[in-house]
Structure formats: C-alpha cells, structure tokens
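Novice: for reference, the sequence and a predicted model appear below.
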Amino acid sequence: MHTLQHHTIQSRLYNRQASKTPPVKQHNTPRNMVAGAVNGGAAKPTVLVAEKLGGAGVEMLQQVANVDCSYNMTPEELYAKIAQSDALIVRSATKVTRQVFEAAKGKLKVVGRAGVGVDNVDLAAATEYGCLVVNAPTANTVAAAEHGIALMCALSRNVAQADASMKAGKWERNKYVGVSLVDKTLAIMGFGKVGGEVARRARGLGMTVIAYDPYASEEKARAVGVKLVTLDEALASGDFFSLHMPLTPGTKKMFNDAAFAKMKKGARIMNVARGGVIDDEALARALDAGIVAAAALDVFEEEPPKFEGHPLIGRPNVVCTPHLGASTTEAQEGVSTEVAEAVIDALQGKLSSTAVNAPLVSAEVLKELAPFVTLAEGLGKAAVTLVADQGFTDINVCYSSPRGDDLDTRLLRAMIIKGILEQITTANVNIVNADLLAKNRGLRISEVTIRTEGSDVLSSLSVALGTSKSTFSAAVDKTGRIYVEGSVKNGTPYLEKIGGFDVELAMQGSVLLCRQRDQPGIVGNVGMALAKGSINISFMTVCRTSRNEEAIMAIGIDDEPNAETLDDIRKVKGVQELAIFKD
C-alpha cells in the first residue's frame, strides 16, 4: 500500500444517511448511460400499457406520451405493437421475452414493471438491446407490513378459525381463547424496509421488538426502538416471528428442524417474505410437537401451491392467504405512479433509481474497466463473506490510481456495493441504484483516492468494513476493521491482502483459508483431510508473519467441503480457524 506522505490524496465522504446531494449528478451523466432517451423537441413518445394500471399512473403518462392501453394481447399482437412503442408497462402476466426486444427493432427504450419482481422480463436481452428495465419496489412496503400485522393479530386471537366455526353453526368461545400481544417479544427476521415498518407498528401494540439481520444498521434499529440480536438469540427469545428476509442460498429453508428446536414452545410464525425460507415439512413437525402453536403464510415455495397433500395448508392452526401482501387499493395506485414516474424519467434521459438492469456504458469504457470491475465486486464479496453474526455501517474504500481525482469511481463503487449487497439481498445492483440501495441499508461509504505512478487505470483497491466481528479473525486489521486489498495483474484480479497478511490469490473459484501456527506437518495434514473428503486442490500457498509465528494457508478447492471434512481440518494440530471464499 502506498504511504500517504508520498502521494496526493483526494478524499470524498458520502454519508448515505445524511441529506446531501448524491455524488452521481444528472447533468454530468454521459448520454449513453441511459439507452436512447427521447429528446424534448421530438414528437410525443408512445407508451404501451399491456396490463391494467392504476388511473393515477395512466394520467401521469398521458401528460407526456401517447398511451396505448391494450390488454390480454397474444404474443403476436404484442410483437406488432411493440415495434411502434418507446416504452412498455407490464405487471406479472405479460412475458417480455427476447422475441419482444427483437420485434421492437431498437425502438423500445424502457420496460416498466408495475411491481417488484422482474422474473417475467428477460433482463439480459433488455440490456443487450439497450433497453432500461425499471420497477416499483417501494410503493407496497406499507401494505406488506400491514398484512404481516394483520396475520399476527389473526394468529393471536384465532380469528380465522373462529370465523370458520361460526359459519359452521358453532359457538365455541372456550375453544378459541387467544393470547395477548402486549409485552410479547416479536422477532423480526430480516430488518429491511418492510421489517422496519412492521417494527414501528408492533411497538405501537406494546410489544418488545428484536430483529435478526447480520447486515442491518444498529443506528437504524435504535431509531425505531429495536434491538439487533444474533440468530440464536432471536430464536430463543421470540414469542412471535415475522419473516421478511429475501430468498438467497443462505436463507433457503433457514427455518428448519434445527431452528424450530431452538424456539420457545408455543411460538407463532408469520411469513410474508418468500415461501422458500421455511422448510414446510419441518414446520409441520414443529406444529405437531407443539413447538409452534400456529403459523400464518402469505407466500409459498410454489405459487399457486399444490393444495392436495400440502403439509400445511389444510391444518386448522395454519392461516393461509394467496400472496396478498401488496393487495391494497392504495398500494396498487402507488405502484402505478411509481412505475409511471420511472418510465417518464427514462424517456427523458434521466437515470432512474429503480433500474434493475445495468445501464449502457460505452464499449471503450467497459473494455478499460472490465478487469477492475471484477476486482471491485470480488473484494466487496470477499469482505462481506468474512462478517460474523453482527451488522456493520461503515464501508471504507481506497483507490490507488495514477489518475488521482480524475478517476471516475462510480462504476467501481457500485460494483463494490453489488458484491456486498448481493450476498445478503436479492436486489439487482448497478451504477444507477447502488447508492440508493446502500442508503436504504443505512451504510456510510467513505472513498479515498491516492495518486500513484504508473499507466494502469488502478494500481490497487482496498475495501474495509467497520466491524471487528469476523468469521476469520486474521481478516481484522490493526484498526479493528475487516480489510481486503487487491489489484489486477495481466488482466486477472488478485486478492493481495487479508487483514494484516500479504497473500496472492487469483479471484477465481473457491478458496479455503486456514489460520494456523507456522509449524511442520500442517500443510500435509490439511491436504490429507481434503483428500479424505474427495476435495480436489487446484493450488496451495502459505503466507506467514514470521518463522514459527502465525500464518495463513490459502487452498484453491474445486468443491465446498462438508461439515465432517471441515471438522477434520479443525482437528489438525496448529489449525486455529477456517473460512471459505466462494466465487
């Protein structure tokens, strides 16, 4: 790392929670960052609305465009109309396939999804054809939170069951005695926008609210009277559980037999997040055992679910709704105006903060930055992988570059944020929305540029996260931060420093990190343990502080070791801790 006294330093601190002007300024944005904006002096653009949209949104569009509302079109009808359209707005039923973009012949500038998910839009094809895709991610936040609260109230007082009993001609007051919410502990699992709104409402009901989200901001939690806790603390303390985490590889079937076994007997669980975060069979077993007294499900792993033989839907102590989280009149109107505003911005050449595909960058710039973009994303991913069961707020980035303050860091910063956030959310992060998403997570990003000698765009890049709680203590530097640093050599990104240890790891594939004592036999014994677990090694390197002191061994592995293999490695004399970087 270059020392500060030898180089000119330009420092920029972006506090995402403060009301400062964002660093990305509209008037400085290159025109090719948004695909084919419609010039103000030209004829009105045409917006094709392919599915029912709220009246307020349609009225906004009509002020600036010719609006064609054509519903229930066949694919052939859509192909015909799209060739005459500058924008397309859909909900979830219309499939915006590669064929749609091909039929548009370059005229289509933006696709607006009236809702959050964009599974029905071919994002790769959209980007390839220079078409921006925007969605409406915030308008239904309150509606989803209210539905979560409604389900909690229904569970606590057996509302659905008592209603069914009355309709069957029964009067069973004693059978449906409920429990009070006041003084109960609500554990919010996933403390994002919806989780935060649920917390505010639950506090108003007199509940104690805790939250588990290893990447949430302590500052944000304190602001609404919520205590952030570990996963085990949440499972052991909650009377009610409200699920709001995204479905990622790390959260898939997170609520399994092991998780339910840690809960209080009589817990109640509400899921308005994603169906896949609960193991349905495990929840059924927990209900049978009385560990979970009742559950309320608004989402399912497969929608609509297969009703016959479903382990949960037919149970009297499970309340089910057909994905109604966003289904309020107000939310639907809000979605319509949010997507209309995003589409109008795109047509006028503005960068929309709700863009979900990468905006166009010139081929020359992409070619120049390509290896450094990969490095930036990889360092962000590596840093967050090392975070333990505790959140962080500060991200410190240092660029060492011959260009000094002339280095445009927006794309690199966005890729660092992408590497961090896409490990913990399902958001599609790009140069347009990276700063907004970071702000929504309560993150503060500090950037420093050090002017260096040389001809490359970037000499080195470092990322430090403001927490000392790491799954791999060797990654914590002398200032108490998780620290990683890297550079690009011959077009390949390399990880060159972890904490205080110098390493040299090509950022490709999976790597097993092992902190150990520098002593004979460890390398061979660890290799034997991997061989026993049928794990092939692609490379191995050892970095040490000094002879017979601490060292880090980095091992390239073709497959991820199972728990038994990792336990065998931990039993090797001198091994102190392990961590795995995944490509």
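Specialist: Right, received. Where do you want to start?

Novice: which sections of the protein are below the confidence cut-off?
Specialist: In the predicted model of the chain, residues 1-42, 351, 358-366, 390, 427-428, 430-433, 545, 583 satisfy pLDDT under 70.

Novice: hmm, what's the outermost residue in it?
Specialist: Within the chain, the residue lying farthest from the chain centre (C-alpha atoms, centre = their mean) is Gly169, at 47.9 Å.

Novice: and what about that one, helix, strand or coil?
Specialist: Under DSSP: H, G, I helix; E, B strand; the rest coil, Gly169 falls in the coil class.

Novice: one more: Glu59?
Specialist: Going by three-state DSSP: Glu59 is helix.

Novice: next, name the residue at the spatial heart of the protein.
Specialist: Using C-alpha atoms, centre = their mean, the most central residue of the chain is Thr425, at 1.5 Å.

Novice: what sits against Asn256?
Specialist: Asn256 makes contact with Asp279, Ala282, according to C-beta atoms under 8 Å, 6 or more residues apart in numbering. The way it works is simple: take the backbone N, C-alpha and C, and place the C-beta from them, glycine included.

Novice: for it, give me phi and psi.
Specialist: Phi and psi for Asn256, reported as degrees, to the nearest 10, are phi -120, psi -170.

Novice: likewise Ala144?
Specialist: According to degrees, to the nearest 10, Ala144 has phi -60, psi -40.

Novice: contacts only, for the closest residue to Ile278 other than its chain neighbours.
Specialist: What sits nearest to Ile278 in space, not counting adjacent residues and going by C-beta to C-beta, 6 or more residues apart in numbering, is Phe255, at 4.5 Å. Applying C-beta under 8 Å, 6+ apart to Phe255 gives the contacts Leu243, Ile269, Val277, Ile278, Asp279, Ala282, Leu283.

Novice: strands - which of the residues you listed land there?
Specialist: Leu243, Ile269 (DSSP state E).

Novice: tabulate the contacts of Phe255 (CSV), appending neighbour count and distance to Ala80.
Specialist: Shown next, in CSV, are these (neighbours: other C-beta atoms under 10 Å; distance: C-beta to C-beta, whole Å):
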residue, neighbour count, distance to Ala80
Leu243, 25, 44
Ile269, 28, 49
Val277, 23, 42
Ile278, 27, 44
Asp279, 21, 46
Ala282, 19, 50
Leu283, 25, 48
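
Novice: tell me the one of the contacts of Phe255 nearest Cys131?
Specialist: Val277 (32.2 Å; C-beta to C-beta).

Novice: can you pull out the helices in the stretch 151-300 of the chain?
Specialist: Ranges of helices within the stretch 151-300 of the chain are 159-167, 193-204, 218-223, 231-237, 257-261, 280-289, based on DSSP state H, counting those that start in this stretch.

Novice: find the one among those with the highest mean neighbour count.
Specialist: Across the helices of the stretch 151-300 of the chain, averaging neighbours per residue (mean count of other C-beta atoms under 10 Å) puts helix 193-204 on top, at a mean of 21.

Novice: gap between that one and the chain center?
Specialist: In terms of C-alpha atoms, centre = their mean, to the nearest Å, the centre of helix 193-204 is set 20 Å apart from its chain centre.

Novice: mind listing what Ser401 touches?
Specialist: Taking C-beta under 8 Å, 6+ apart as the contact definition, Ser401 lies against Leu407, Thr449, Ile450, Arg451, Thr452, Val457, Leu458, Ser459.

Novice: got phi/psi on it?
Specialist: Torsion angles, degrees, to the nearest 10, at Ser401: phi -150, psi 140.

Novice: that one pairs with what?
Specialist: Judged by DSSP bridges, the bridge partners of Ser401 are Arg451.

Novice: ok, it to Gly527 distance?
Specialist: Noted for Ser401: a distance of 39 Å to Gly527, by C-beta to C-beta, to the nearest Å.

Novice: likewise Pro246?
Specialist: Relative to Gly527, and taking C-beta to C-beta, Pro246 is found at 37 Å.

Novice: residues near the nearest residue to Arg547 once chain neighbours are set aside, how many?
Specialist: Closest residue in space to Arg547, ignoring its immediate chain neighbours: Asp518 at 6.3 Å, by C-beta to C-beta, 6+ apart. Neighbour count for Asp518, taken as other C-beta atoms under 10 Å: 18.
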